[in-house]
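[1] turn this into a model:
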Amino acid sequence: MEIGEKIYVADKATLDKVYNILAADPVWGFIEHMDVKSPSARVTPIGLNKNYKNVTRNGDTGVVSLNDWADHPVIKANKPYMVKADGTPDYRLSETDYTKKLDGTGSDVANTSYNGGAFAWFPKVYKYEKMEGNDRTVLFSMTPREGYEPNGFIDPSNNELEGVWLPMFYGSRLGADGSTPKMVSLSGLQPSYNTTTAQEHTALQNFSTRAMFLGGPIVETIIDFLIMIAGTTDLQTAFGHGNCSGYDASQAPTYGVKQNAVVGGGQFYGTDDNKSLNKIFHSIVLGSYQQWMRDPYELVVNGRVKVSKNYTYDLTGATYSDTGINVPNGPDRWEYPLRYQTVPGYGSIPAVVFDGGSTGTASCDGSYRHRSQTTITAVTLRFGDCDYGFVDGPRARFWDFDASNANWNFSAAELLLPPVGVAA
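    Prediction:
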């Protein structure tokens with residue numbers, strides 16, 4: 001039986017046979033049942049992880065237990081580094097205290113004179129994704145296979161990379177008052193705010209020509225990996241709520257957006273107080289939800305979703321792939337997607353009918369659309385901010401503002417691409 005054939009069937013005996021076939025191959029995966037609202041029942045594990053114990057979390061201590069996923073190649077390779085601006089690794093950081101190198105001496109994690117930043121290595125993984133009726137099948141492999149694609153690991157020159165560098169911290173602009181501001185990923189700095197997409201892009205490029213926005217296909221790959229290891233689409237509950245409700249009007253102009261800080265706990269750290277910085281894959285950006293992160297690789301152009309599969313930057317969307325997905329025009333509203341549509345080479349995007357879930361059902365993360373969606377080019381905002389509570393989450397999307405919009409709760413994080421052939 002080929003991987004691409006239908007694998008979710010009603011007959012239990014046939015289903016078990018399929019599971020056993022998949023288990024013979026080194027692939028991991030899940031089926032997301034779009035017509036099921038329960039976040040855990042919505043996900044069926046397949047492949048090697050059919051009988052794995054899911055990742056668990058203690059909300060009081062923030063400790064995330066990896067259980068049967070501890071030895072997965074992606075989990076084991078995800079390490080924190082100080083990385084040079086050209087995308088080459090400089091040295092490893094202590095996994096429990098980023099202020100230290102592995103040898104215990106001091107690191108450059110807060111050194112604004114360092115020509116680079118703090119990033120976590122996420123190794124290349126190949127992904128298979130297919131829609132079959134109301135089911136979305138996702139499989140991961142560490143080696144090339146027919147029908148699998150390295151989503152998120154293709155650079156603007158269409159080179160396949162060995163991995164990517166995830167930002168450990170929110171993007172902060174150094175030299176913002178000068179002529180050459182640059183975006184860095186360092187501790188001890190206030191995340192950037194009140195900047196347009198163009199200003200953020202300039203700051204990223206001033207740091208490195210290998211610096212991209214944290215967005216596009218790598219985010220979709222990470223989201224699916226998290227769904228797989230947690231066994232649920234309720235990712236905020238699975239990995240922590242971060243600073244999703246830390247808004248404080250008295251802290252103008254940043255309104256509760258915390259400074260970048262070293263958070264203990266290792267690779268993952270997730271709390272339930274709704275006001276702490278949390279981590280996913282050593283990145284507080286992925287786990288804290290305190291600012292919407294700009295993603296210009298996913299645009300809504302006059303009501304049509306268009307995407308960049310290789311971090312090409314084009315605010316018109318003219319060079320992007322047409323997903324075939326239309327965003328309905330108005331009314332202004334939050335919705336909770338029940339159904340997602342697979343976009344080959346990219347990932348999944350909320351499909352035509354968004355509503356049907358809630359903050360505790362279906363995808364659990366909110367999506368927002370504007371009544372003038374069919375007349376603007378909206379730049380996707382991801383993850384959420386400290387004024388949105390449980391609407392936030394890895395899958396949350398804000399399709400409302402064009403590239404020129406700037407506010408305290410919009411910013412960007414820095415994805416750094418290594419040179420071709422370089423791995424950590």
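
[2] which residue comes closest to Asp392 once chain neighbours are left out?
    Gly384 (2.7 Å; CB to CB, 6 or more residues apart in numbering). To be clear about C-beta, it is placed using only N, CA and C from the backbone, and glycine gets the same treatment.

[3] for the one you found, what are its contacts?
    With contact set as CB atoms under 8 Å, 6 or more residues apart in numbering, Gly384 has these partners: Cys244, Tyr289, Trp292, Asp365, Gly366, Val391, Asp392, Gly393, Ala396.

[4] next one, pLDDT for the closest residue to Phe119 other than its chain neighbours please.
    Among residues not flanking Phe119 along the chain, Trp165 sits closest, at 3.6 Å (CB to CB, 6+ apart). We note a pLDDT of 98 for Trp165 in this prediction.

[5] correct me, but Trp165 touches Pro418?
    Yes. Under the criterion of CB atoms under 8 Å, Trp165 makes contact with Pro418 at 6.6 Å.

[6] show me whatever sits in contact with both of these two.
    Common neighbours of Trp165 and Pro418 (CB under 8 Å, 6+ apart) are Gly87.

[7] the more surrounded of the two?
    Trp165 (28 against 23; other CB atoms under 10 Å).

[8] so where does that one fall, helix or strand?
    Using DSSP states H and E, Trp165 falls within strand 163-167.

[9] still on that earlier bit, mind listing what the residue nearest to Phe119 touches?
    Tyr81, Val83, Gly87, Phe119, Ala120, Trp121, Phe122, Leu415, Leu416, Leu417, Pro418.

[10] again, but for His72
    Trp28, Ile229.

[11] Pro191 now?
    Phe169, Tyr170, Gly171, Ser172, Thr254, Val257, Gln259, Asn260, Gln290, Gln291, Ser411.

[12] any low-confidence regions in the stretch 151-300 of the chain?
    Counting by pLDDT under 70, the stretch 151-300 of the chain contains low-confidence ranges at 176-179.

[13] now do the strands in it.
    163-167, 172-174, 182-184, 211-213, 292-301 (DSSP state E, counting those that start in this stretch).

[14] distance to Asp402 added to the ones you listed, as JSON lines?
    Listed next are these as JSON lines, based on distance: least, CB to CB, whole Å:
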{"stretch": "strand 163-167", "distance to Asp402": "24"}
{"stretch": "strand 172-174", "distance to Asp402": "21"}
{"stretch": "strand 182-184", "distance to Asp402": "21"}
{"stretch": "strand 211-213", "distance to Asp402": "16"}
{"stretch": "strand 292-301", "distance to Asp402": "9"}
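
[15] tell me which of these sits nearest to Ile284.
    strand 163-167 (8.7 Å; CB to CB).

[16] now do the closest one and strand 292-301, the angle between them.
    Strand 163-167 and strand 292-301 meet at an angle of 120 degrees, taking axes from the mean of the first three to the mean of the last three CA atoms, to 10 degrees as the criterion.

[17] give me the neighbour count for the residue nearest to Asp295 when sequence neighbours are not counted.
    Among residues not flanking Asp295 along the chain, Gly215 sits closest, at 2.9 Å (CB to CB, 6+ apart). Residues near Gly215, counting by other CB under 10 Å, number 26.

[18] can you pull the contacts of Gly215?
    Met293, Arg294, Asp295, Pro296, Tyr297, Glu298, Thr380, Arg382, Leu415.

[19] dump these into a markdown table; add distance to Pro337 as well.
    Output for those, formatted as a markdown table (distance: CB to CB, whole Å):
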| residue | distance to Pro337 |
| --- | --- |
| Met293 | 19 |
| Arg294 | 21 |
| Asp295 | 17 |
| Pro296 | 21 |
| Tyr297 | 19 |
| Glu298 | 14 |
| Thr380 | 14 |
| Arg382 | 14 |
| Leu415 | 24 |
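
[20] with respect to Glu129, which of those residues is nearest?
    Glu298 (16.2 Å).

[21] re earlier: out of the strands of the stretch 151-300 of the chain, the one nearest Ala230 is which?
    strand 163-167 (18.0 Å).

[22] quick one, longest helix in the chain?
    As assigned by DSSP state H, the longest helix anywhere in the chain is helix 217-230.

[23] other SSEs contacting it?
    strand 27-33, strand 43-47, strand 126-132, strand 135-141, helix 235-239, strand 347-350 (3 or more CB pairs under 8 Å, 6 or more residues apart in numbering; DSSP states H and E).

[24] show me what the first one packs onto, helices and strands only.
    With contacts defined as 3+ CB pairs under 8 Å, 6+ apart, the secondary structure elements packing on strand 27-33 are strand 43-47, strand 135-141, helix 217-230.

[25] in a markdown table: those, plus mean neighbour count and distance to Gly303.
    Formatted as a markdown table, these follow (neighbours: other CB atoms under 10 Å; distance: least, CB to CB, whole Å):
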| stretch | mean neighbour count | distance to Gly303 |
| --- | --- | --- |
| strand 43-47 | 21 | 31 |
| strand 135-141 | 22 | 23 |
| helix 217-230 | 24 | 21 |
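
[26] what about the helices in the stretch 251-400 of the chain?
    284-288 (DSSP state H, counting those that start in this stretch).

[27] need the contact list for Thr319.
    Ser308, Thr312.

[28] and with 10 Å instead?
    Lys306, Ser308, Thr312, Tyr313 (CB atoms under 10 Å, 6 or more residues apart in numbering).

[29] repeat that for Asn111.
    Met82, Gly117, Ala118, Leu186, Ser187, Gly188.

[30] got it, and Gln236?
    Per CB under 10 Å, 6+ apart, neighbours of Gln236: 242, 244, 270, 272, 274, 278, 287, 289, 359-360, 364-365, 384, 389-396.

[31] could you check how far it is from Leu189?
    Distance, Gln236 to Leu189, using CB to CB, to the nearest Å: 26 Å.

[32] and what of His201?
    On the measure of CB to CB, His201 and Leu189 end up 19 Å apart.

[33] what is the end-to-end distance of stretch 202-222?
    26 Å (CA to CA, to the nearest Å).

[34] and for stretch 38-57?
    End-to-end for stretch 38-57, by CA to CA: 19 Å.

[35] buried ones in it, by neighbour count?
    39, 42-50, 52, 54-55, 57 (16 or more other CB atoms under 10 Å).

[36] list just the nearest of those residues to Glu149.
    Once CB to CB is applied, the member of the buried residues of stretch 38-57 that ends up nearest Glu149 is Gly47, at 17.0 Å.

[37] surely the closest one and Arg145 touch.
    No. With contact defined as CB atoms under 10 Å, Gly47 does not count as touching Arg145 (11.9 Å).
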